[in-house]
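Novice: Using only what follows, build the 3D model:
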Amino acid sequence: MVRMLRPFTRAVTYTRWLHMVMTIVWPSMWLFIAEAWWTQATAAALLGLAGLVPVTRVVEGFQARLLLTGHGQDGERAEIVTTPSVTWADRGRTVVWLEARLCLGWIMAQASVQLPLLGVDLLTTGLRHGPATDGFIAVEGHSWWHALLAPVPVLLLGVIVVWSGHLVTVLAVRLLGPSPAERLTALEERTEQLLERTRIARELHDSIGHALTVAVVQAGAARAAGDPAFTDRALGAIEEAGRAALEDLERVLGILRASGKPVNGRPTLVDADRLLESARASGAKVDAEVTGPVDTVPGPVSREGYRILQESLTNVLRHAGAVPVRVRVRAAGDTLALEIRNPLAAPVPGPGRGSGLRGIRERAALLGGRARTGPDEGDWQVHVELPLS
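Specialist: Residues are numbered from 1 along each chain as shown. Presented below is the predicted three-dimensional model:
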């Protein structure tokens, strides 16, 4: 019983009723011209022509969102668009919506007036003599049980209000909802946003993770060495890594504050020496060899290559420590190849384990390349090939 009465406690039930009744206000004005069928047909025709105007969908969309979905408790609010019609199919759906809304409005207006009058007629004939012939139907005679039927028309009106409200909302979602082209555009925008968030997450993971790894390794080495000169060098390396991380963080925050602006200042493989020196300062014995015109590598490939190299060196410092590292960067033909090898060490559990390798593979895949990570002949290997074309 409580579930059946719940719709009558929701404000959206009555705003839907208002939405349908409002539809006949303008067509009803034609009754002052002549009470003939052609006046109503003319009103319906003019309403259909209004649906061909692109801005009509904006007006109808806002009304439907405000009165039919309320605060979106039915999950339909986002399915009703508030943009002008673009194609003739959109205009046609708007015309159908206006005509359907007009028909439902007439039915709801008649029921809202006649059914309560019928209840009054039943109550009147049940309590006193005399037939009632000016209501929804003629109630002849006098019977006491007519008074017991008086609530029935009111209950019927409530059922009509609830179900017609659901019906008009479903029609609004179908007829005022986005077209397939608009859905595709929205999906593409959403995909772009998700890709941008993923890229920013990778940027923060690589730059901040690298800086923190260098800081931890350097601090631990300085404490173990107990040498003031070594401690000074370690603090210098920590300072340099922290400064680079702050620059990356400021750049990423700038992207978040103004997402429409182009990305500038991201490091490329030309800046790889900074990574190699940072790894050497952390104790790793880096044997690096760069061949080919790295400075002519396309910007997106060079930037992603820098991040792949950064994450690879970070993993070496985090999981293997101060070990020999072999770095090979080669730009030849239409391929950029990166290979980072170090002696295989036991995996060290820690926060974020595995996300860096996944990020390397994702970066390579986004550029149409491929990445191999894992043990190889007693070493841990990261081998990435990225297309330059």
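
Novice: Tell me the confidence at Val252?
Specialist: Reported pLDDT at Val252 in the predicted model: 68.

Novice: Please disregard the earlier target; I meant Ser278.
Specialist: Reported pLDDT at Ser278 in the predicted model: 79.

Novice: Give the other helices and strands that whichever strand or helix holds it contacts.
Specialist: Here Ser278 sits within helix 272-281, counting by DSSP states H and E. Under the contact criterion of 3 or more Cβ pairs under 8 Å, 6 or more residues apart in numbering; DSSP states H and E, helix 272-281 touches helix 180-225, helix 228-257, strand 285-291, helix 299-315, strand 324-332. Using the backbone N, CA and C atoms, a C-beta is placed for each residue, glycine as well.

Novice: Redo the ones you listed as CSV? Include mean neighbour count and distance to Trp97.
Specialist: Formatted as CSV, the helices and strands packed on helix 272-281 follow (neighbours: other Cβ atoms under 10 Å; distance: least, Cβ to Cβ, whole Å):
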stretch, mean neighbour count, distance to Trp97
helix 180-225, 16, 16
helix 228-257, 15, 39
strand 285-291, 14, 64
helix 299-315, 23, 45
strand 324-332, 18, 59
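
Novice: Helix, strand, or coil at Thr125?
Specialist: Look at Thr125: counting by DSSP: H, G, I helix; E, B strand; the rest coil, its state is helix.

Novice: Burial check on it, number of neighbours?
Specialist: Neighbour count of Thr125, defined by other Cβ atoms under 10 Å: 23.

Novice: Turn the helices and strands packed on helix 272-281 into TSV, columns for distance to Asp376.
Specialist: Converted to TSV, the helices and strands packed on helix 272-281 look like this (distance: least, Cβ to Cβ, whole Å):
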stretch	distance to Asp376
helix 180-225	23
helix 228-257	28
strand 285-291	17
helix 299-315	14
strand 324-332	12
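
Novice: ok, which stretches of the stretch 1-150 of the chain are helices?
Specialist: 2-5, 11-22, 25-28, 37-51, 54-63, 88-127 (DSSP state H, counting those that start in this stretch).

Novice: Return the member of those having the minimum mean pLDDT.
Specialist: Minimum mean pLDDT among those: helix 25-28, a mean of 68.

Novice: hmm, back to that, quick check: buried residues in the helix holding Ser278?
Specialist: Ala272, Leu275, Leu276, Ser278, Ala279, Arg280, Ala281 (16 or more other Cβ atoms under 10 Å).

Novice: Domain ranges for this structure, per the record?
Specialist: Using automatic domain parsing, the domain ranges for the chain come out as 2-178, 184-387.

Novice: And the first one, how far out from the chain middle?
Specialist: In other words, domain 2-178. 34 Å (Cα atoms, centre = their mean, to the nearest Å).

Novice: please renumber so the chain begins at 46
Specialist: Yes, from this point I'll number from 46; that puts the last item at domain 47-223.

Novice: List of residues touching stretch 410-417?
Specialist: 345-346, 349, 353, 405-406, 408-409, 426-432 (Cβ atoms under 8 Å, 6 or more residues apart in numbering).

Novice: now with 10 Å?
Specialist: Residues outside stretch 410-417 that contact it (Cβ atoms under 10 Å, 6 or more residues apart in numbering): 240, 243-244, 247, 343, 345-346, 349-350, 353, 380-384, 402, 404-409, 426-434.

Novice: Quick one, which of the residues you listed are buried?
Specialist: Listed as buried from these are 244, 247, 346, 349-350, 353, 381-384, 402, 404-406, 408-409, 426-431, 433; burial here means 16+ other Cβ under 10 Å.

Novice: Of the residues you listed, which belong to helices?
Specialist: Counting by DSSP state H, these place Arg244, Arg247, Val346, Glu349, Gly350, Ile353, Leu402, Gly404, Ile405, Arg406, Arg408, Ala409 in helices.

Novice: Turn those residues into TSV, including pLDDT.
Specialist: TSV is the format used below for those (pLDDT from 0 to 100):
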residue	pLDDT
Arg244	70
Arg247	70
Val346	87
Glu349	85
Gly350	89
Ile353	89
Leu402	82
Gly404	80
Ile405	86
Arg406	87
Arg408	82
Ala409	87
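
Novice: Take these and write them to TSV, including distance to Leu216.
Specialist: Listed next are these as TSV, based on distance: Cβ to Cβ, whole Å:
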residue	distance to Leu216
Arg244	41
Arg247	45
Val346	51
Glu349	49
Gly350	54
Ile353	53
Leu402	51
Gly404	47
Ile405	51
Arg406	47
Arg408	47
Ala409	49
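
Novice: In those residues, find the pair that's most separated.
Specialist: Between any two of these, the greatest separation by Cβ to Cβ is 19.7 Å, found for Val346 and Leu402.

Novice: per-residue confidence at the nearest residue to Leu294 once chain neighbours are set aside?
Specialist: Once flanking residues are discounted, Leu294 sits nearest to Ile253: 6.8 Å by Cβ to Cβ, 6 or more residues apart in numbering. With respect to pLDDT, Ile253 scores 76.

Novice: from memory Ile253 sits against Glu295, does it?
Specialist: No: using Cβ atoms under 10 Å, Ile253 makes no contact with Glu295, being 11.9 Å away.

Novice: And the pLDDT for Val393?
Specialist: We have a pLDDT of 42 for Val393.

Novice: try the one 4 residues further on
Specialist: As summarised for this prediction, Gly397 has a pLDDT of 39.

Novice: Apart from its chain neighbours, what residue comes closest to Pro388?
Specialist: Val368 (5.2 Å).

Novice: Pull the number of nearby residues for that neighbour.
Specialist: 17.

Novice: what do you get for Leu201?
Specialist: 14.

Novice: okay, now the residue lying closest to it once chain neighbours are set aside: neighbour count?
Specialist: Leaving aside its sequence neighbours, Leu201 sits nearest to Leu160 (Cβ to Cβ, 6+ apart; 6.0 Å). When neighbours are defined as other Cβ under 10 Å, Leu160 has 20 of them.

Novice: residues touching Leu160, list them.
Specialist: Gly180, Phe181, Val197, Pro198, Val199, Leu200, Leu201, Leu202, Gly203, Ile205.

Novice: Scan the residues you listed and report the most crowded one.
Specialist: Result: Pro198 is most packed of these (other Cβ under 10 Å), 22 neighbours.
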